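K.L.:
sequence and predicted structure, then a few things I'm wondering about:
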Amino acid sequence: MHKNVTKKEHLASNQQDRPKKNLRSAVSKEWFILTRLISQHFVLRYRRSVLGYFWSLLNPIVYMSVTATVFSLILKFPIEHYAVYLFAGMVPWWFLNNAVTQGGRCLIDSEHLLKKLNVSKFTLIFASCLSLFIDSLLSFAALVFLVFIFKGSLPVTMFILPISFLIIFMLGLTLTVISAISFCYLRDLEHITSLAMQTFFYLTPIMYPLVIIPAEKHHLFELNPFFHFIKLFHAPIYEGVIPDYSLWLKPLGTILIMALIALVIYKTFSKRLIFKL
């Protein structure tokens, strides 16, 4: 009788431990896939390249230097250290734009993985977004170099930038989720979204300062949701000030709304997505 009770207790214990083991196994599997996808992103990009990862620093420096020189000479904006202003806005914009356009293709480009392996769609989306975010951090290293060259020192207010980067990463992740799922169902959205992002780029004070716009028109630019996210970088890097609480609240409110939209879209459409690839 005692042996039977012991056996039952042992079986019950095994059944309780099984979900934990399954969870650990699933997390370990998704972590392995995530790290492999991120490493593959950089290995394939710089394969057979002599300079390798150095291109992540050289490309933005050359692009920004040429662009800043041309625009400052031709348009003659009334702004000091235009290259720093331009680069401070371009770093977050590059990430957000790529999160929508490149990140939006992550499920389409990973069709073979989705059909052959039981891999989470969110893992593919997160890996794509995180890879692009790491790219933006490498570009930021080039920005630090430019700030030091032009200003001679780094503003103390730059200590707040980790929070700014965290905020744009959260927005980028929600945009990647929405675009990745949507592109699978309607391929034309990829081209429409690309045009929309180009439009937002020119409507956001990145290549030009807001001071050249008449004051009575400023409220129209503030309606652009990207305006407030770019401001989180312009303020500490270029202006040397910490954004006030209102500048933090607006991006956080936008992220909350976008996260809810992304969650609804993912829950509603991700299950049957495999049939749309």
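P.N.:
Yep, it's here.
K.L.:
okay, CA-based contacts and neighbour counts for the rest of this
P.N.:
OK.
K.L.:
show me where this protein dips below the pLDDT cut-off.
P.N.:
For the chain, the stretches with pLDDT under 70 are 1-23, 25-26, 41-57, 60, 72-73, 75-78.
K.L.:
does V84 touch Y238 like I think?
P.N.:
Yes: counting by C-alpha atoms under 8 Å, Y238 is a contact partner of V84 at 6.5 Å.
K.L.:
which residue ranges of the protein form helices?
P.N.:
2-45, 55-74, 82-101, 106-109, 111-116, 121-151, 161-185, 188-203, 218-222, 225-233, 245-269 (DSSP state H).
K.L.:
for the second one, give me every contacting residue.
P.N.:
What it means is helix 55-74. Helix 55-74 is contacted from outside by F77, Y82, A83, L86, F87, D135, L138, S139, A141, A142, L143, L146, using C-alpha atoms under 8 Å, 6 or more residues apart in numbering.
K.L.:
equivalent analysis for stretch 198-218, please.
P.N.:
Applying C-alpha under 8 Å, 6+ apart, the external contacts of stretch 198-218 come out as 77-79, 85-86, 89-90, 93, 221, 224, 226-227, 230.
K.L.:
now the terminal residues of that stretch, how far apart.
P.N.:
20 Å (C-alpha to C-alpha, to the nearest Å).
K.L.:
give me phi/psi at V241?
P.N.:
V241 adopts backbone torsions of phi -130, psi 160, taken as degrees, to the nearest 10.
K.L.:
hmm, back to that, could you dump the contacts of stretch 198-218 into a markdown table and include neighbour count and distance to V211?
P.N.:
Shown next, in a markdown table, are these (neighbours: other C-alpha atoms under 10 Å; distance: C-alpha to C-alpha, whole Å):
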| residue | neighbour count | distance to V211 |
| --- | --- | --- |
| F77 | 15 | 9 |
| P78 | 12 | 8 |
| I79 | 13 | 9 |
| Y85 | 24 | 13 |
| L86 | 23 | 14 |
| G89 | 24 | 15 |
| M90 | 25 | 18 |
| W93 | 21 | 20 |
| F221 | 16 | 12 |
| N224 | 13 | 16 |
| F226 | 21 | 17 |
| F227 | 20 | 14 |
| I230 | 22 | 15 |
